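Asks: Starting from these lines, generate the structure:
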Amino acid sequence: MLIIQDDEADANTRLTYFDITDRPPTNVAWARLQFSKAAGSENATLEIDQVILTPVASTNLLQNPSFELGFTGWNAPLNFAPNFGNSFAGMAEALTEGEGILSQDVRIDNLPDNSSFLFSFAANSNEAPVLSAVVAWLDAADNVIGVPSEGGVLFQDISLKEAEGHCYLFNFGFRSNEAQICNTLAEVRWLDARGIEIGLGLSIVIPKGAAGQFLQWLVYTGITEPAPPGTAKARVQFTKAAGILSG
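Replies: Residues are numbered from 1 along each chain as shown. I've put the predicted structure just below:
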């Protein structure tokens, strides 16, 4: 998992990020490549381009990695749009001014077992962004069966009845038993009956250093956006880079 910190990018900087994944677990069928952006100021923009997921000595596995075909092959919220004016590679990039989740599932069960993958992308922002990028392992039934070992993702799916149009109270406690060196994202995501994400209900950013060094508990509370049509579950998810978390 990669997290762009709030002091790593500005309007004059386009950064390229790369990392090597852990080896996938047994029975993996898909790799879900996912970008999660928290809310910024009203005019905050984030640009993503030239996304790569590839085994060593192989070609890129992603469809439409530079967004020249819009969001063909991608799952993108409505506030993401292709931009053809200032791309890092190719003719286009993904651009957003709001929060949301951009993802693509890549079939990998036709590749050698226990392969590691190179994950790379370029990003640029006109203000301090909060962006996490993660490669999660899925089985053939689309269930998440593995996440990165450094830091990681903690989540629970909660069944909802007649959720459409309703808002929900989200409350949790947070503390860290070491100096918190990165942002942590707490999110509520809407899922349909098949477990497919159909929207983002809430995103709370816990800034680095917020909990101090004295093991104090912090309480965070928020109200979600109304659940969209087709909502059957809510996924409560915490995303954190390497370090130690108690919550």
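Asks: tell me the contacts of the closest residue to Pro112 other than its chain neighbours?
Replies: In space, and not counting its chain neighbours, Pro112 is closest to Pro55: 7.8 Å by CB to CB, 6 or more residues apart in numbering. For the C-beta atoms, the positions are set from N, CA and C on the backbone; glycine is no exception. Going by CB atoms under 8 Å, 6 or more residues apart in numbering, Pro55 touches Leu61, Leu111, Pro112, Ser115, Ser116, Phe117, Leu118.
Asks: Quick check: the gap between the closest residue to Pro226 other than its chain neighbours and Leu200.
Replies: Sequence neighbours aside, Gly165 is the residue nearest to Pro226 in space, at 5.0 Å (criterion: CB to CB, 6+ apart). Distance of Gly165 to Leu200, given as CB to CB, to the nearest Å: 16 Å.
Asks: And these two? Which one has more around it.
Replies: Between Gly165 and Leu200, counted using other CB atoms under 10 Å, Leu200 has the larger neighbour count: 24 against 10.
Asks: ok, now which ones touch the more buried one?
Replies: Contacts of Leu200 (CB under 8 Å, 6+ apart): Pro77, Glu99, Gly100, Ile101, Glu187, Val188, Arg189, Trp190, Glu225.
Asks: pretty sure the fourth one contacts Phe35?
Replies: Read that as Ile101. Yes - the criterion here is CB atoms under 8 Å, and Ile101 meets it with Phe35 at 7.0 Å.
Asks: Between these two, point out the one with more neighbours.
Replies: When Ile101 and Phe35 are compared for neighbours, Phe35 comes out ahead with 25 against 20, by other CB under 10 Å.
Asks: That'll do, ta.
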